[in-house]
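> build me a model:
(2 chains)
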Number of protein chains: 2
Amino acid sequence: MGITILTVGKKNSSEYSDMIDEYMKRISSFISIRMKFIKDSGNLKEDRESAVKQESERILKEVCKEKFVILLDRKGESIDSERFSDLFNNNNICFVIGGIYGVDERVKKRASRIISFSRMTFPHKLFRVILLEQIYRGYMIHKNMRYHK
Amino acid sequence: MGITILTVGKKNSSEYSDMIDEYMKRISSFISIRMKFIKDSGNLKEDRESAVKQESERILKEVCKEKFVILLDRKGESIDSERFSDLFNNNNICFVIGGIYGVDERVKKRASRIISFSRMTFPHKLFRVILLEQIYRGYMIHKNMRYHK
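Here you go, the predicted structure:
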């Protein structure tokens, strides 16, 4: 039960940690939330295919028990914050943030939905903040509490 | 000359200031950049129309001397980071982030382009970080420097 964020890459560095801690704290008043870091396999172009494969395997191993998996992908379905908040009718969600070159077809097939926040590319650590803020906003919308305009 | 960010609302609060300072510093190695705060007119629903009008007037007063104005709007044109980096062929850009209810038609007409980062709604202070990171990324792409994958 609760929300899991599986994110490929290193732990949160200091310049982002204040914001991440703040949103994690706020969300945890609604539901339990944890962030689990998946080891990356390097980011050199020549290793691209094997890195994606290895990282995808690590993700699949973690999501096996999670019912409702949402993959965050730049090329996924673009939705607004209100539609995003509809996700929280479900109280067992696993969000997946892939590595620098994305994930392979197996992870895409495993996902219940593939959602895009933006066509733009963001650093992983900033994207974690963006996702957490939208999860918090989603609960505020869902519970009809003042935050979202 | 340089980049101006006109942003409606209060100054950066402490939880975002580390990231904002960091990106401002990085961008300033390429081009001069300043962030100018435009007074907001409140965010009560009943004052919506007059707030938008007042804020838009303050924006128009500031952009009058700026040639190339980019309005950031959730409903604008959605582009990726590579296309965004093409903007930096121009070295005199004014980005406009409107208030909680957006801007009026006059600001939209004054803008050379209206660009959307996401269909989602973000807090203004977080959006400033997101914009600064894309400007920095834009210069790194433009100058063919290693940062963007």
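> can you state the direction angle for the helix ranked longest in chain A and helix B:124-142?
Selection of the longest helix in chain A by residue count, based on DSSP state H, yields helix A:124-142. Going by axes from the mean of the first three to the mean of the last three Cα atoms, to 10 degrees, helix A:124-142 is angled at 150 degrees with respect to helix B:124-142.
> next one: stretch A:122-132 to chain centre, how far?
Computed by Cα atoms, centre = their mean, to the nearest Å, the separation of stretch A:122-132 from the middle of its chain amounts to 8 Å.
> is there any residue in that stretch that contacts chain B?
Yes: counting by Cβ under 8 Å from any Cβ of the partner chain, chain B has neighbours in stretch A:122-132: A:122-123, A:126, A:129-130. Glycine gets a C-beta too; all of them are placed from N, C-alpha and C.
> could you identify which of the residues you listed has the most neighbours?
In terms of neighbours by other Cβ atoms under 10 Å in any protein chain shown, these top out with residue A:129 at 26 neighbours.
> so what's residue A:56 up against?
Contact analysis of residue A:56 by Cβ atoms under 8 Å, 6 or more residues apart in numbering or on different chains lists A:98, A:103-104, A:106-107.
> low-confidence stretches in chain A?
A:43-46, A:149 (pLDDT under 70).
> element containing residue A:6, please.
strand A:2-8 (DSSP states H and E).
> elements contacting that strand?
Judged by 3 or more Cβ pairs under 8 Å, 6 or more residues apart in numbering or on different chains; DSSP states H and E, strand A:2-8 is in contact with strand A:33-38, helix A:48-63, strand A:92-97, helix A:124-142.
> redo those as JSON lines? Include distance to residue A:27.
Output for the helices and strands packed on strand A:2-8, formatted as JSON lines (distance: least, Cβ to Cβ, whole Å):
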{"stretch": "strand A:33-38", "distance to residue A:27": "5"}
{"stretch": "helix A:48-63", "distance to residue A:27": "20"}
{"stretch": "strand A:92-97", "distance to residue A:27": "12"}
{"stretch": "helix A:124-142", "distance to residue A:27": "5"}
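> which among those is found nearest to residue B:51?
helix A:124-142 (21.2 Å; Cβ to Cβ).
> ramachandran angles for the closest residue to residue A:135 other than its chain neighbours?
With sequence-adjacent residues excluded and distances taken as Cβ to Cβ, 6 or more residues apart in numbering or on different chains, residue A:135 is closest to residue A:27, at 5.6 Å. Main-chain torsions, residue A:27, degrees, to the nearest 10: phi -70, psi -40.
> check which residues of stretch A:39-56 are buried.
A:40-41, A:48, A:51-52, A:54-56 (16 or more other Cβ atoms under 10 Å in any protein chain shown).
> er, stretch A:128-143 I mean
For stretch A:128-143, burial by neighbour count (16+ other Cβ under 10 Å) applies to A:128-142.
> dump the residues of stretch A:122-132 next to chain B to a markdown table, plus distance to residue B:22.
Shown next, in a markdown table, are the residues of stretch A:122-132 next to chain B (distance: Cβ to Cβ, whole Å):
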| residue | distance to residue B:22 |
| --- | --- |
| A:122 | 15 |
| A:123 | 11 |
| A:126 | 11 |
| A:129 | 13 |
| A:130 | 17 |
